[in-house]
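Engineer: Sequence and predicted structure below; questions after.
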Amino acid sequence: MVSKKPISEALQNPIFENLRKVVLSWNKPTFVIGGFVRDFLLERALPNDIDIVTVGDGMALAQKVADSMKNSPQVQRFKNFGTAMIKTSDFELEFVGARRESYQKDSRKPQISSGSLEDDQNRRDFTINALAISLNDHNYGELLDPFNGIRDLENGIIRTPLDPDLTFSDDPLRMLRAVRFASQLNFSIAPETFASIQKNAARLGIISRERCVEELHKILKCPKPSKGLLLLDEAGLLEQILPEVTALKGIEEIDGHKHKDNFYHTFEVVDNICAHTDKLWLRWAALLHDIGKAPTKKFKPPTGWTFHGHEFVGSKMVYRLFKRLKMPLNDKMKYVQKLVLMSSRPIVIAEDIVTDSAVRRLIFDAGDLLEDLITLCEADITTKNPKRFARYHKNFQIVRSKIDDVEARDHIRNFQPPISGEFIMKSFHLKPSKEIGIIKETIKEAILEGEIPNEFEAALALMIKKGKALGLTYDGETL
Ligand code: CTP
């Protein structure tokens, strides 16, 4: 639904009053354009970046605006793109001179010449992003909509203002943007626009991986990312960015044994998890949790299909994927890797009788990621068998409450051994040696198995016993 509010409401912030005054003395046609106008008309939260286009030198206007403001903020100039930006505490104002633009075939660097507002609107990506509001005194607040952007907003359509082949070959990133807007706004892509994306999909190759990832992030932040992910796939874009995910496609059947389609399953898991978390990297983990299944898939009679070790293989693939897409190889990547690696652990527990020791081990191994891991595993339940669905969820409730019980009793999370290596060395007059590791491991295992409580006295007794078994002499005196 397009807002019925008068356009003047979009310009209520005092910043526009100031712009109006500057534009009056600037005396060249100047407009607010792009996302700010679109989001106002859709009654979405207004973005804090405001794009301003002027028929003339955008950088000079930016300077004039900055000079008119309290504290005269700095103007950042991006010469390559012919734009200038002013950051205030509330807004980022981006200025550009209206232009005609054409791009070289293999580059995103445009050849620019100045033009009219019409020219500028022509070169924009979508009709819904080409809507402009006048900041000029004679028609202040008037909406200029040469491509029926309002009609496309009403009908929920993403469409290019010009021949889509031209718009997309000018800037192939727009193909991802089309899908991202469709996903964010729950719009559809006009058939001729979509056909052009399919035709030009290979041109995505000239776009930097970082910019592609930015769009992927935005799709993953949507309430139902499967919409965007499926469109990416249908458009032929997904296999260029995430071939590990498209490799999960398909169901094979041998001797009556079928496996599930892990591609669609993955998207279901992503949608499921989005209902429970806003954490971007947890959503990434959901998207990648099964990528190890493609390379590990085997048919083993009489068992059927196996994906042995897919969690380990998948976690290794996460590193290569992050590297290829120039994503950060830091704690975010390690977080995703660990979740992928552990993604089957809780379900294995939940399928069986939930024992204390299995829960204790899970708490120990997952550490701070425990909550997120369980959230991922619950999202992973996509079985269409209602009995199994109910049973798995019930078992996860048992796992959750057991985690609370065990944790309250044994403090396994962020486990600190009750006896240190140094203490063991002193007790047995040992130099650094493998016996210390063996004793520490024995104590840790006994705690995790529930054979002894996570307490000093019990650990001491076990240490003495194990030390003797290793032929060591215990010297309680030195303690
Ligand atoms: N634009 C374009 N082609 C691009 C990027 C941007 O034509 N590849 C134009 C569109 O008119 C867009 C405006 O520049 O509305 C501002 O771009 P940007 O800030 O990236 O997008 P928004 O539309 O503001 O939306 P979002 O902030 O969600 O990306």
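Structural biologist: On my side now, so go ahead.

Engineer: distance between whichever strand or helix holds residue 387 and the chain's centre?
Structural biologist: Element membership for residue 387 (DSSP states H and E) is helix 386-410. Centroid separation between helix 386-410 and its chain, computed with C-alpha atoms, centre = their mean, to the nearest Å, is 28 Å.

Engineer: Identify each buried residue in it, please.
Structural biologist: For helix 386-410, the neighbour count (16 or more other C-beta atoms under 10 Å) marks 392, 395, 396, 399, 400, 402, 403, 406, 410 as buried. Where C-beta positions appear, they are placed from N, C-alpha and C, glycine not excepted.

Engineer: Test my guess that the first one contacts residue 379.
Structural biologist: The one in question is residue 392. No. Residue 392 is beyond contact range of residue 379, at 11.5 Å (criterion: C-beta atoms under 8 Å).

Engineer: Flag every residue of this protein that's near the ligand.
Structural biologist: Contacts of the chain with the ligand, taken as C-beta under 6 Å from any ligand atom, map to 34, 35, 47, 49, 51, 124, 125, 129, 171, 173, 174, 177.

Engineer: For the fifth one, which three-state class applies?
Structural biologist: Following DSSP: H, G, I helix; E, B strand; the rest coil, we place residue 51 in the strand state.

Engineer: Could you list which residues are in contact with it?
Structural biologist: Residue 51 makes contacts with 32, 33, 34, 35, 36, 94, 96, as judged by C-beta atoms under 8 Å, 6 or more residues apart in numbering.

Engineer: Narrow those to those in helices?
Structural biologist: Mapping the contacts of residue 51 onto helices (DSSP state H) picks out 35, 36.

Engineer: Tabulate the contacts of residue 51 (JSON lines), appending pLDDT and neighbour count.
Structural biologist: Formatted as JSON lines, these follow (pLDDT from 0 to 100; neighbours: other C-beta atoms under 10 Å):
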{"residue": "32", "pLDDT": "97", "neighbour count": "23"}
{"residue": "33", "pLDDT": "97", "neighbour count": "25"}
{"residue": "34", "pLDDT": "96", "neighbour count": "24"}
{"residue": "35", "pLDDT": "96", "neighbour count": "17"}
{"residue": "36", "pLDDT": "97", "neighbour count": "22"}
{"residue": "94", "pLDDT": "97", "neighbour count": "23"}
{"residue": "96", "pLDDT": "95", "neighbour count": "24"}
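
Engineer: number of nearby residues for residue 113?
Structural biologist: Neighbour count of residue 113, defined by other C-beta atoms under 10 Å: 10.

Engineer: Grab the nearest non-local neighbour of residue 359.
Structural biologist: Leaving aside its sequence neighbours, residue 359 sits nearest to residue 402 (C-beta to C-beta, 6 or more residues apart in numbering; 4.5 Å).

Engineer: go on, residue 233?
Structural biologist: Distance criterion C-beta to C-beta, 6+ apart; nearest residue to residue 233, sequence neighbours excluded, is residue 246 at 6.5 Å.

Engineer: any idea how far that neighbour is from the ligand?
Structural biologist: Noted for residue 246: a distance of 24 Å to the ligand, by C-beta to the nearest ligand atom, to the nearest Å.
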